[in-house]
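Enquirer: Next come a sequence and a model predicted from it.
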Amino acid sequence: MMSFSVERMVDSLFGLFEVFNPIVEPYRRFHEKLPPKIQQTITAFLFILPFGILYAIFTVLPIFQTFYISLHKWEIMGTNIRYIGLKNFERLLTRDTQFHQAFEQTILFVALTIPIIFVGLFFALMLNRPIKGIGIFRTIFYLPNIIAVTVIGLIWSRVFASSGRGLINAFLEQFNAGPIPFLDQGDLATLVVSFTTLWWTVGFSMLIFLAGLQDISQALYDAAKVDGANRWQQFRHITIPGLRRPFAFLCILQVIASFQIFGQVDVMTGGGPAGNTRTIVYNIFETSFLYFQVGYGTAMAVIMFAVLLAISLFQLALFRDQGIGS
Amino acid sequence: MHRMKALLVLAMLLALVAVPVAAQDATEITFMRFFGECADEFGETTDLSEAYGECGIIQTLANSFNAEQDEIVVNTVVVDWPGVTELNANLAAGTPPDIMVLHGRRIPNYASRGLLTPLGDVLAGAGIDADDLTDSARGFVEYNGELYGIPLDLHGHLWHINVGLWEQAGLVNEDGSPDIPYGMDAFLSHAEQFKEATGLPFAGMWTNGLSRNWMALVYQQEGGTVEADDGMPNVNNEAGLNALNFLIMLRDEGHITDNVDYPASEEIFLNGENGSHVNGTWVVNFYDNQVADPEAPLKNYYVHNFPTIYDQPAAWAGSHAWIIPQGGDPDPAKLEATLTFLDYLNDNNIEWARTGHSAVNTSVVESDVYNGYPHRQEYAEFVPSAVIPPRENWSTAFESIMDEELSAAFIGEKTPEQALADAQTRLEDFALFE
């Protein structure tokens, strides 16, 4: 009777690759004749090649396609495709008040969610202590970050629901207070979506800062203590400079992520009330998928790409001047 | 080693071949729909008399069709309301469903792009009598004189009433039925009397989506319309301003509950926290079941046509319709199977009407069974007063743009005049871009 084992199955699978031997063997003989440096370079490229091909197909090509589509009237179903030059951009920049409002709203979200970085720093400092069971707390604080945005949105929608169905308003009702229209008033809805974003993503900032904190040598703190530095002085002159790299990294990532905010808006407010929480990406989604105008939607995406590129380059230049990015 | 390789290759080949062999006995069709997911409750139900509510009935119709024959297998794909994102994505990918439910007002948008199968020539062969369709329902699925769908229902907004609270306010007739007001003065007088007697708002509606109620109020006015003679949008007009000011006044006077979304507005009504509720035909069956539940606060339920505030009755109306999208690789066997299923759905239109929606076949509308459904006679005037949204491409964006602009006026971010002017600009921009 034939016995099965994992090793034998793996051997068999690799055995299937023997069909490539007629190509591989001549190349191997050619490869061995090359100078070692060139051999290494080719090997490195061959290792990168599979990823490179996928990256080109699924990332680079769509980027160029986006530019191409943005110059067309192009419907999502592939109907009525027509080259219209820069007309999408003209409409976008001169007449589309909804896009202008969405742009302003996105900037507001970016401004409101930047503090996530500092909250993450605060949590990282709290959790960077040799306390028993600290790993459990670190896990708890990071946990929201691994939950899908749909779930996050639904949870906080129920917490902040405007009527007595909402957890907070149900609590307020017990004291004959409220209800507070959290999701039905523009400013409040913006704050609620920002808070939800903070709760969801602060774990990531915390994790990066935590890694940064553990990278700072304990010897620096010991030396500072010997020199009589107090806790604030240690934080000011050792911790903050030591965290400049993670800070730069998070600043860039946070701005990009906040510009791309979509899921929370889609689930919690649908861009409302009265378009008050409509962001650029949500606007792109509405325009492309609901109104069919994917050519126009990609023109918005191109504008957003340009803005994000400019901001990221500015941030990189700024940090490089401070000796962080080099 | 060679034996193992041979086994592996054989296993892979079997895996590739086994599934098509098993499936090739029956023609499989993809049935895409919204109405929610209820497989937990109705996934195995095939007895239509056991089904209730939109989701339960439609799920059971698919189940019973699959159970009654073995030549066609209907695979249900549930999508989020209103399903257009999924439809568009599938059309773009060349993999549209074989049959799908779509709101009738969206049909011109797809039909004008050649994305729907014209049904005029194929229905008779499938046993579907298109002449049996009511005129109002037929209007939703026709485009340029051709049929592009089979309507499932005519639905629209009604006035759901908590008779117990109306009685408390002295607003019932001698026979115990609610004393329905006609005209603005009578409506406001009732609202005042109700508020004084109960301390509660007279009515409720979801205030983050006012476009349907606003549109009904526009059409209740002499000459009121949202469409210009040339087919372009026309929302910034006197009738529109009157309707919007009336809704804001109701809120300011405390006659309607404020700042509520759809689920909250429904919950407020069912908990007895207001006297009435504007909602669709789709909840009649559900609310009626509430009364049967001894635990539910709603004890005495009545449903009437949408309130008449101005010169004539008018209510927002829509239609769910079955469509057969075009795209991908047309397969005659699949089309035939789809039409067979469509015929089955159409034959069982009376089951769907139990939800509260109006039936679309004259033979059903005139039947005793249909007219004997609970509350059906209380809103018998709904169909004659139904207002169909304009049959223009910009209708697709009408509801979302109007909801947003009306909401901006309602929460005080814009004046009513500014909101309507902005809505007009946005709708025109959309219409011209088309």
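Expert: Sure, I can see it.

Enquirer: Close to chain B: what parts of the stretch 201-326 of chain A are there?
Expert: Neighbours of chain B within the stretch 201-326 of chain A, by C-beta under 8 Å from any C-beta of the partner chain: A:271-276, A:286, A:289-293, A:296. In this view, the C-beta of every residue, glycine as well, is placed from N, C-alpha and C.

Enquirer: first vs last residue of stretch B:116-129, how far apart are they?
Expert: Across stretch B:116-129, the terminal residues are separated by 20 Å (C-alpha to C-alpha, to the nearest Å).

Enquirer: which ones are touching the closest residue to B:H255 other than its chain neighbours?
Expert: With sequence-adjacent residues excluded and distances taken as C-beta to C-beta, 6 or more residues apart in numbering or on different chains, B:H255 is closest to B:A191, at 4.2 Å. B:A191 sits next to B:F202, B:A203, B:L250, B:E253, B:H255 when contact means C-beta atoms under 8 Å, 6 or more residues apart in numbering or on different chains.

Enquirer: Tell me the spacing between B:A191 and B:S276.
Expert: 10 Å (C-beta to C-beta, to the nearest Å).

Enquirer: Count the residues that sit near residue 311.
Expert: The chain I'm using is chain A. Look at A:I311: counted by other C-beta atoms under 10 Å in any protein chain shown, it has 16 neighbours.

Enquirer: Hmm, no, I was thinking of chain B.
Expert: Using other C-beta under 10 Å, B:D311 has 13 other residues around it.

Enquirer: Mind listing what's buried along the helix or strand B:E267 falls within?
Expert: For B:E267, the enclosing helix or strand under DSSP states H and E is helix B:262-270. Under the neighbour-count criterion of 16 or more other C-beta atoms under 10 Å in any protein chain shown, helix B:262-270 has B:A264, B:S265, B:E266, B:E267, B:I268, B:F269, B:L270 buried.

Enquirer: Mind listing what's buried along the lowest-mean-pLDDT helix or strand in chain A?
Expert: For chain A, using mean pLDDT, DSSP states H and E, the weakest element among its helices and strands is helix A:6-15, scoring a mean of 74. For helix A:6-15, a neighbour-count test (16+ other C-beta under 10 Å) marks A:S12 as buried.

Enquirer: Closest approach to chain A from the stretch 51-200 of chain B, which residue is it?
Expert: B:L91 (4.1 Å; C-beta to the nearest C-beta).

Enquirer: can you pull the contacts of that residue?
Expert: So B:L91 contacts A:I76, A:M77, A:G78, B:L115, B:P325, B:G327 (C-beta under 8 Å, 6+ apart).

Enquirer: secondary structure element for it?
Expert: B:L91 belongs to helix B:84-93, assigned by DSSP H and E.

Enquirer: how long is stretch A:9-25 end to end?
Expert: 24 Å.

Enquirer: any idea how far it is from the chain center?
Expert: Computed by C-alpha atoms, centre = their mean, to the nearest Å, the chain-centroid distance of stretch A:9-25 equals 40 Å.

Enquirer: cool, stretch B:40-60 as well?
Expert: Distance of stretch B:40-60 from the chain centroid (C-alpha atoms, centre = their mean) equals 18 Å.

Enquirer: hey, C-alpha coordinates of that stretch in CSV?
Expert: Extracted in CSV, the C-alpha atoms of stretch B:40-60 (Å, rounded to 0.1, in the frame of the first residue of the first chain):
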residue,chain,number,x,y,z
ASP,B,40,-31.2,32.0,7.4
GLU,B,41,-35.0,32.3,7.8
PHE,B,42,-36.3,31.4,4.3
GLY,B,43,-33.3,29.6,2.7
GLU,B,44,-35.2,26.3,2.6
THR,B,45,-38.8,27.6,2.4
THR,B,46,-40.7,26.5,-0.7
ASP,B,47,-44.2,27.0,0.5
LEU,B,48,-45.2,30.6,-0.5
SER,B,49,-47.9,30.8,2.1
GLU,B,50,-45.2,30.6,4.8
ALA,B,51,-43.3,33.6,3.4
TYR,B,52,-43.8,37.2,4.4
GLY,B,53,-42.1,40.5,3.8
GLU,B,54,-40.2,41.5,0.6
CYS,B,55,-37.1,39.3,1.2
GLY,B,56,-39.0,36.3,2.4
ILE,B,57,-41.4,36.2,-0.5
ILE,B,58,-38.8,36.8,-3.2
GLN,B,59,-36.4,34.2,-1.7
THR,B,60,-39.3,31.7,-1.5
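
Enquirer: Show me the contact partners of that stretch.
Expert: For stretch B:40-60, the external contacting residues (C-beta under 8 Å, 6+ apart) are B:33, B:35-39, B:61, B:63-64, B:67, B:76, B:282, B:285-286, B:289, B:348, B:351-352, B:354-355.

Enquirer: Out of these, list just those in helices.
Expert: Mapping the contacts of stretch B:40-60 onto helices (DSSP state H) picks out B:A39, B:L61, B:N63, B:S64, B:A67, B:N285, B:F286, B:N289, B:E351, B:W352.

Enquirer: The nearest residue to the fourth one once chain neighbours are set aside and chain A, how far apart?
Expert: Ranked by C-beta to C-beta, 6+ apart and with sequence neighbours excluded, the top spatial neighbour of B:S64 is B:T46, at 4.5 Å. Between B:T46 and chain A the distance is 32 Å, computed by C-beta to the nearest C-beta, to the nearest Å.

Enquirer: Next, count neighbours for B:T46.
Expert: Using other C-beta under 10 Å, B:T46 has 16 neighbouring residues.

Enquirer: Which helix or strand contains residue 195?
Expert: No chain was given, so I picked chain A. Using DSSP H and E, A:F195 sits in helix A:186-215.

Enquirer: To clarify, I was referring to chain B.
Expert: Assessed by DSSP H and E, B:K195 sits inside helix B:184-198.

Enquirer: how about B:A89, what does it touch?
Expert: Going by C-beta under 8 Å, 6+ apart, the list of residues near B:A89 reads A:I76, A:F289.

Enquirer: Could I get the pLDDT score of it?
Expert: Note for B:A89: predicted pLDDT of 89.

Enquirer: what separates the residue nearest to B:S64 from A:P179, distance-wise?
Expert: Separation of B:T46 from A:P179 (C-beta to C-beta): 44 Å.

Enquirer: Equivalent analysis for B:G139, please.
Expert: Using C-beta to C-beta, B:G139 is found at 41 Å from A:P179.

Enquirer: quick one: which of the two has more around it?
Expert: In this view B:G139 and A:P179 are compared by other C-beta under 10 Å, and A:P179 has more residues nearby, 21 against 17.

Enquirer: dump the residue contacts of the more buried one.
Expert: A:S162, A:S163, A:G164, A:G166, A:N169, A:L172, A:E173, B:N259.
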